[in-house]
Each structure stands twice: as structure tokens, then as C-alpha cells.
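Student: I'd like to go over a predicted model; first the sequence, then the structure.
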2 protein chains.
Amino acid sequence: MSQPLTFGITNRSAENTSRTGIVTTPHGAFKTPAFMPVGTRGTIKGLTPAQVVDTGSEILLNNAYHLMLRPGDEQVAALGGVHSFMKWDRPILTDSGGYQAWSMADINTVDEDGVTFKSIIDGSMIRMTPERSIEIQNNLGADIIMAFDDCPSSVEPQTQNLARRRLALTSRDGVMTASEHESRLLQSLERTTRWLERCKKAHAKPDTQSLFGIVQGGTNLDLRARSAEQVCNIELPGYAIGGVAVGESPEKIQEVVKFTAKLLPEEKPRYLMGVGYERDIVSAVASGIDMFDCVLPTRNGRNGHAFTRNGQLHLKNACFKADNSVIEEGCSCATCIAGHSKAYLRHLIMSKEMLSGILLSIHNIHHFQSLMIDIRLAIRDNSWSALPNRWPVLLAK
Amino acid sequence: MSQPLTFGITNRSAENTSRTGIVTTPHGAFKTPAFMPVGTRGTIKGLTPAQVVDTGSEILLNNAYHLMLRPGDEQVAALGGVHSFMKWDRPILTDSGGYQAWSMADINTVDEDGVTFKSIIDGSMIRMTPERSIEIQNNLGADIIMAFDDCPSSVEPQTQNLARRRLALTSRDGVMTASEHESRLLQSLERTTRWLERCKKAHAKPDTQSLFGIVQGGTNLDLRARSAEQVCNIELPGYAIGGVAVGESPEKIQEVVKFTAKLLPEEKPRYLMGVGYERDIVSAVASGIDMFDCVLPTRNGRNGHAFTRNGQLHLKNACFKADNSVIEEGCSCATCIAGHSKAYLRHLIMSKEMLSGILLSIHNIHHFQSLMIDIRLAIRDNSWSALPNRWPVLLAK
């Protein structure tokens, strides 16, 4: 069987466990550490593929769950797969739908075989199993596909409600006592391993699509160790850390990632799912993580927020009304290069014009890609400690 | 006083009164007959300036009324004018706000001095006079500015309600008898002439901005003749036909335009405001019109309609669900060149994704610019009668 994914490490930092590398896929290569913008429904909201390329993005993420519901994974397959469907001929990763089944459905039930939940489109009941999730992802045809895992709340019981309110999430787990929560985590990670075996077995296109396993275990390091051991015992081209960035503190994320990353095979790409802010990414790279995805640049862009090296600007603020300067001096994104001023962007936001979300998404994705470039340079040049000089936001509380 | 606008006629058709030409402005030239996409609030909805250039557009239209309300014309002036504000360094034309004061306000009153109407933003009462409209347009700084005219309903009394429903418009005129309507039209065109004199007198930047007068008179040809004589007696760099395409039949538009165009000076650009569909444009060009603007390509694009040489496609229709072909074979717009299929566009429409409106606006504006290219070639090559061969939509009922 040919191997559709290769990972070559090109530099290792002398200062920490970070590394640079190149991942090759059937749709070309991407440099790591890599940031993947999120194109949930087969589109990075408001951006043409050419504009996404222009942000420096080399791989993007689609959601199997959303594309399964609409237009349907078989429909996408009949149209030639998700690359052809959205006219993005570079690498794509699809999420399995496990997280969405947990987070987006008011009503869901989990059993040993799979999850049943309510469609966000028409309210019909959807059945998702490891086999069905892989079938969907085989139909979509992304270069990297993710295991279908059991995703319980990873945060401590006392912070669950807060986390759910922050994330506007509901869960099948309800609010549990600490011991119930630990027992649920344990059940989830054992089940995730059994489901991973089923995913691997069901995977019909290993010659063209690479299946990544996902380590669970919440914020409990013993459970993380147990999950990592089980998951990594199953031979796969890459491994991910799931169940973080669902409401924990940055320190907790950092602790879990640092502990878990070193348990994943050194020679394979490591993907930290759904993370995050600049400091979360930088500390995770220092722990040896290679891949990231996050909705922050696009979602916050649509909400009028611009990321800068000094922190986010809320461009709706009246102080930008007469500000004729670009978002960030020296920025090479298409929005700043064209010279669009903060005053103009504020006008577009106030007027509810689509172009504000577009111009800010372009800038914000470019911001994260610029961070990744500087991270890779810092690894190559052993200048890690100088990173905050160019990125003061990393020092912010 | 230097002349900021020149118009050179480059070809005249041997078959009709159409002509090609070049208009030069302080921000460059545009070829005529020209189609101007509408960027109401200082943005062609969803498109970056680079994407607008890529459609083949050489001049665009902004609305003085909307920019006066937000962010304010003085604010735009302080930021360097509307070209700098929206980063479009090519020709811009601003509409005067006369039409918007008539069409967009529930409550408005007109007197000899001007119009008072309710702001669409905060409900406050706005006073607009010829002097204030020119001041606003001087502040915005477009290359071509329009006279502030009195815009009554131009359609016959019995069709007014229908027209208003179709256009979702209200008017200060209410529903009138035929003789009341004619009397109101007469009053309006006499007032439009007096207001035009005031506009010309108030115009503070004739060295950089070119004021166009507007001929009114509804569908009454006697009134059109009277208005044309009065308006063209005032020396200006260009003249427009207003008060059409507000609910009349295509035949009526054609009759009024054919009659009125020949009354406008031969050596100056003639602009038909707010028109329209392909056949309306083609027949107006044959009557000697040089400039057009219309919201159709962008508004219909956001509603899921794609213009083609054979007519519009409503891409939401289920028949496009599995259609993997581009909107129009051979089309050179960025959307079709990228290969986006009707099935993908339909998916974006069904998913309410911003990208559908963007990709369709790009295609639709390009469609109208392609029509203008073919019109100019047909004039140059005296192949007018062959135009419907390449544009079957011109023959549709």
C-alpha cells in the first residue's frame, strides 16, 4: 500500500521541542507548523479560493458534518470530491463530525455503536457511527481525515456551565459530579480507542487519504497518558489532541498539550484541534505541535475585530471614525496593501456591508499565517525567545 | 477654467445613431457605451476594488445620499475624498440624492427650495436643497456629479401603485388623476431647471468635477422636449435622462429614450439613469446613449440569479443540484475561469453563504461589461444586426 502522506522534519529548535517540517499529500505540500483556516461548508466565508491562497494558507479544513447534511457527501463525491467542489486544489483536512454531534445538537444520545442527534437543518434524527463518518469522509475525499471520536465535556464539572455558556454549547453529558465526570472521561477514551479501530478498518481509501487518530482525556493527565498509549498503538500517519480549547484556561490548555504532545510519535505530524489564540499556538508549537485550525480569524473578522501583533482592534469603536491608517503598518495582507483604512472598515461595519467581514477575514488569516512564518523562522534560527519582540501580543495577559 | 472632462467620439454606426467614445476624467478614462456598477455606500457589495476592476468595469457609481448619511460627506472629505476612501482610483460618478429622497423616505415634502425627508438611519428629518446636494458631492469628490432634481412619479396614474409595489417604493405624490399627474410633471420639470441653475451656481469644484444636468418629463414626450430644451440651454459637460425605468414597460422606456436622446447635444456624453436589462441598454445605445448604471447584476446576484447570454438562471432551482458545469461555457469572468460549478453555487445559496453573492456579482457585472464590449465592437464594425446572434437574450419576450 502506497503512503499518501509523508512528513519530513526540516529543523529542530535548540531551545525547546518545536520543529519545522513539510507534509506532502496527493494535493501538494504544506509547511509546518501550519495554521488551517476553517471552511465549514466548503467555503472560507466570503473569500474566493484565490483570496485564501493569497493569505498564505497552504491547507484548509472542512467539516464533514455540515457537508454530509448539505449538499450531502454522496453529492460531493458525484461532483468529483471536495477539492473539485470548492475549487481548492491544495491539501484539505476534514473534521469527522464527532465534535459537531456533541456540540451542535440539542438532543443527542451516545451508545457503544455511535451517536444519534438532531439535524441542524431540518430537525430529523441523524445516526453517526465510526463507519458512517469514515464513509462520509471517503466520499468527500480530503487528504487528511479524522477519526470519529466520543467527545465528552473535558472541563471540570464546576466550570461546565460557564464553558457551555461561553461556547453557546449544549451537551449530552449534563452537569456531573467530579467522579461521574472522570468516569465519563474514562468511558469516552476507551470508546474512542475502540471507535478508532473501527475507523481504520472502515477506511476505504488509505491510498489517497490519511486517517489521523485523536487522543482524548480532558484535563486529567493520567487519562491523557492512557488515551495516548492506546491511540498511538494503532499505526496511523498522524495523531491529534482533541477535547481541548472547549472552555479551559490558557494555562490548563498549555499543561495538557505539553504533557500529551511528547507522548505522540516524534516522526509523525501532531495536530492540536481547535486552537487558538496566538499565545496558545506558540506555546503548543514549543511543546512539539505541528498543525492547528481555528475559526477565530474569520469569525472575529465578521464581528469587526482585526488581529494585530499588539492585540485585537474592535474597529466598530468610535475612535477609528477618522483613522485613515491601515489596520497594521507594514502588514503585507491584501487588505492593508490595498490601503483600506480603519475609518473605511469602520464605515463598512456600521453599514453592515459584506466587504467588512471579507477584508477583515483576509487580514486576520494573513495575520495567523504571518505568525506561523515567524514561528518557523524562530525554530530554524534558534531565535525563539525573540518572538515576542515582533509579536507583543504574546506577552499580553 | 480648465475642463476636467473630455468626450471623444471614436466610431459612429452606419446602422443607427449609436457611437463609441472615450470619456477622460481626472481619474482616468472610460470607454463608452459604458456600464457603471452601483456601489451605493462606497462599496460594490461583497467585492474588493481589485475584483471590480477584474470584471472590466472602468467607472462606478456611488450614492451621495447614503454617504451623506453615513459616514457623512465631510468625513469622507476629511479622509481624502471618495476615491481614496474606497480605494478606487478610477472614475466615479455620484448620484445627487434626488431619486433617493423621493423613493426611500416614507415621509417627504417638496417645496421650491428643496426636499425634507426622513433619514433611513435614525429617522431624523433631513433637508436637501440643490446647494446642499452639490456641497455633498463636492465633499465626496467624484469625477462626475449629478444635478439635484425634482423626481415625481413618471408613470401613468393607473400604474403607479403597481410600480410602487414592484419597486417597494413610496412617494410624496400619492395617487393622482391623469391631469393632476401631468400638472405635477410640468411643475417638476420647470423646478428641475431652476434647481439645475442653482446646482451649477453652487458647484465649487468645476475644475475637477463635471456636473451633468438631468432631463425629466416622465413618459410625456411634449414635456420631455420642453425639459430637454431648458436643461440643454444650460452649458454643462454632459446630460442625463432621468425618471425612466421606474415601472414603465420596456416599449415605453424605448420610446421615451429614443425621443429624448436626439434632443441632447451630439458632442457630449448622454447618460440614461438606472437602466437596465440587456435589451433596454442595447436599444438605448442605438438611440445614442453613452452611459448606464444599474443594480441588477449585483442585486440579482445576491438573490441567486446568474445572467447569461440566453437569459437569467435561478440557481436555487433543484435542477442545478448535480450540474457540474460553470454558469456559462466560454465566459471569461473570474467565477467561471475558476471553474465554480452551478452545483457549488447552488450549495452556497442553499447554505446562505456570502460567497454565492460574491461569485454571482462578479459573473453578472462581467456579463454586462461583456455586453458593452460587444456593443462597442458592433458599432465599430457596423455589425449591429448580428448582436442577437451572440446575445440571444435580446430576442426574448
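Tutor: Thanks, I have it.
Student: So for the residue in the stretch 1-150 of chain A that chain B sits nearest to, what's the pLDDT?
Tutor: Proximity of the stretch 1-150 of chain A to chain B (CB to the nearest CB) peaks at residue A:46, 4.2 Å away. Quick note: C-beta positions are derived from backbone N, CA and C, even for glycine. We have a pLDDT of 98 for residue A:46.
Student: Next up, the contacts around it.
Tutor: By CB atoms under 8 Å, 6 or more residues apart in numbering or on different chains, the contact set of residue A:46 is A:298, A:302, A:354, A:357-358, A:361, B:46, B:354-355, B:358.
Student: Which single one of those residues is nearest to residue B:395?
Tutor: Nearest to residue B:395 among those: residue B:358, at 30.6 Å, using CB to CB.
Student: To what extent is residue A:277 buried, counted in neighbours?
Tutor: The local packing of residue A:277 (other CB atoms under 10 Å in any protein chain shown) involves 18 other residues.
Student: Find out how far the helix or strand harbouring residue A:75 is from the centre of the chain, if you would.
Tutor: Secondary structure assigned from DSSP states H and E places residue A:75 in helix A:73-78. Its chain's average C-alpha position is 24 Å from that of helix A:73-78, according to CA atoms, centre = their mean, to the nearest Å.
Student: just checking, what packs against it?
Tutor: Under the contact criterion of 3 or more CB pairs under 8 Å, 6 or more residues apart in numbering or on different chains; DSSP states H and E, helix A:73-78 touches helix A:64-69, helix A:130-140.
Student: Go through that helix and flag the buried ones.
Tutor: Within helix A:73-78, the residues scored as buried using 16 or more other CB atoms under 10 Å in any protein chain shown are A:73, A:75-78.
Student: what does it contact?
Tutor: So helix A:73-78 is in contact with A:42, A:64, A:67, A:82, A:85, A:135-137, A:139-141, B:321-322, B:343, going by CB under 8 Å, 6+ apart.
Student: just the buried members of these?
Tutor: Of those, these count as buried by 16+ other CB under 10 Å: A:42, A:64, A:67, A:82, A:85, A:135-137, A:139-141, B:321, B:343.
Student: Run through chain A and note the low-pLDDT ranges.
Tutor: Along chain A, segments meeting pLDDT under 70 span A:1-2, A:105-106, A:152-175.
Student: At the contact with chain B, which residues of it appear?
Tutor: A:41-43, A:45-50, A:70-71, A:75, A:78-80, A:85-87, A:321-322, A:324, A:334, A:338-341, A:343-344, A:346-348, A:350-351, A:353-355, A:357-359 (CB under 8 Å from any CB of the partner chain).
Student: SS state for the residue most central in space within chain A?
Tutor: Nearest to the geometric centre of chain A sits residue A:293, at 2.5 Å (CA atoms, centre = their mean). In three-state terms, and counting by DSSP: H, G, I helix; E, B strand; the rest coil, residue A:293 is strand.
Student: what's the burial count for the closest residue to it other than its chain neighbours?
Tutor: Excluding its sequence neighbours, the residue lying closest to residue A:293 (CB to CB, 6 or more residues apart in numbering or on different chains) is residue A:36, at 4.1 Å. Neighbour count of residue A:36, defined by other CB under 10 Å: 22.
Student: Surely residue A:36 is in contact with residue A:56?
Tutor: No - Residue A:36 lies out of contact with residue A:56 (CB atoms under 8 Å); the separation is 11.9 Å.
Student: how long is stretch A:228-247 from one end to the other?
Tutor: 22 Å (CA to CA, to the nearest Å).
Student: again with stretch A:14-22
Tutor: 19 Å.
Student: cool, and stretch A:213-225?
Tutor: End-to-end distance of stretch A:213-225: 14 Å, with CA to CA as the criterion.
Student: Is residue A:314 bridged to anything, and to what?
Tutor: Beta-bridge partners recorded for residue A:314 (DSSP bridges): residue A:305.
Student: From chain B, how far off is it?
Tutor: From residue A:314 over to chain B the distance is 17 Å, taken as CB to the nearest CB, to the nearest Å.
Student: got CSV for the buried ones among the contacts of helix A:73-78, with distance to residue B:21 too?
Tutor: Compiled in CSV, the buried ones among the contacts of helix A:73-78 are given as follows (distance: CB to CB, whole Å):
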residue, distance to residue B:21
A:42, 45
A:64, 55
A:67, 50
A:82, 48
A:85, 44
A:135, 61
A:136, 57
A:137, 57
A:139, 55
A:140, 52
A:141, 52
B:321, 45
B:343, 42
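Student: Go through those residues and say which is closest to residue A:8.
Tutor: Nearest to residue A:8 among those, counting by CB to CB, is residue A:141 at 24.0 Å.
Student: Could you report the distance from that closest one to residue A:68?
Tutor: Using CB to CB, to the nearest Å, one gets 13 Å for the distance from residue A:141 to residue A:68.
Student: And for residue A:321?
Tutor: From residue A:321 to residue A:68 the distance is 45 Å (CB to CB).
Student: Where does the record place the domain boundaries for chain A?
Tutor: Structurally, chain A divides into domains by automatic domain parsing as follows: A:6-294, A:302-385.
Student: So what's the residue count around residue A:289?
Tutor: Residue A:289 has 28 nearby residues by other CB under 10 Å.
Student: same question, residue A:107
Tutor: There are 11 residues near residue A:107, going by other CB under 10 Å.
Student: now swap in the one 5 residues further on and tell me
Tutor: Residue crowding around residue A:112 was assessed by other CB under 10 Å; the count is 9.
Student: That one - nearest residue in space that isn't next to it in sequence?
Tutor: residue A:191 (6.9 Å).
Student: can you tell me the helix or strand for that neighbour?
Tutor: Element membership for residue A:191, per DSSP H and E: helix A:178-202.
Student: tell me which strands and helices the helix or strand following that helix is in contact with?
Tutor: Toward the C-terminal end, the helix or strand that comes next after helix A:178-202 (DSSP H and E) is strand A:210-215. Applying 3+ CB pairs under 8 Å, 6+ apart, we find strand A:210-215 packed against strand A:144-146, helix A:178-202, helix A:221-232, strand A:238-241.
Student: redo that, cut-off 6 Å
Tutor: In terms of contacts (3 or more CB pairs under 6 Å, 6 or more residues apart in numbering or on different chains; DSSP states H and E), strand A:210-215 is packed against strand A:144-146, helix A:221-232, strand A:238-241.
Student: what's next to that strand, contact-wise?
Tutor: A:4-5, A:144-147, A:149, A:196, A:203, A:227-228, A:231, A:234, A:236-242, A:260 (CB atoms under 6 Å, 6 or more residues apart in numbering or on different chains).
Student: same thing with stretch A:185-198?
Tutor: A:130, A:147-150, A:152, A:213, A:216-218, A:223, A:227, A:230, A:234.
Student: Skipping its backbone neighbours, what lies nearest residue A:231 in space?
Tutor: Spatial nearest neighbour of residue A:231, chain neighbours left out: residue A:213 (4.4 Å); criterion: CB to CB, 6+ apart.
Student: hey, what's that neighbour bridged with?
Tutor: With DSSP bridges as the rule, residue A:213 is bridged to residue A:239.
Student: just to revisit the earlier point, in TSV: the helices and strands packed on strand A:210-215, plus mean neighbour count.
Tutor: Output for the helices and strands packed on strand A:210-215, formatted as TSV (neighbours: other CB atoms under 10 Å in any protein chain shown):
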stretch	mean neighbour count
strand A:144-146	27
helix A:221-232	20
strand A:238-241	26
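Student: Dump the ones you listed to JSON lines, plus distance to residue A:373.
Tutor: Below are these laid out as JSON lines (distance: least, CB to CB, whole Å):
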{"stretch": "strand A:144-146", "distance to residue A:373": "21"}
{"stretch": "helix A:221-232", "distance to residue A:373": "30"}
{"stretch": "strand A:238-241", "distance to residue A:373": "22"}
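Student: Out of those, flag the one nearest residue B:278.
Tutor: Of those, nearest to residue B:278 by CB to CB is strand A:144-146, at 46.4 Å.
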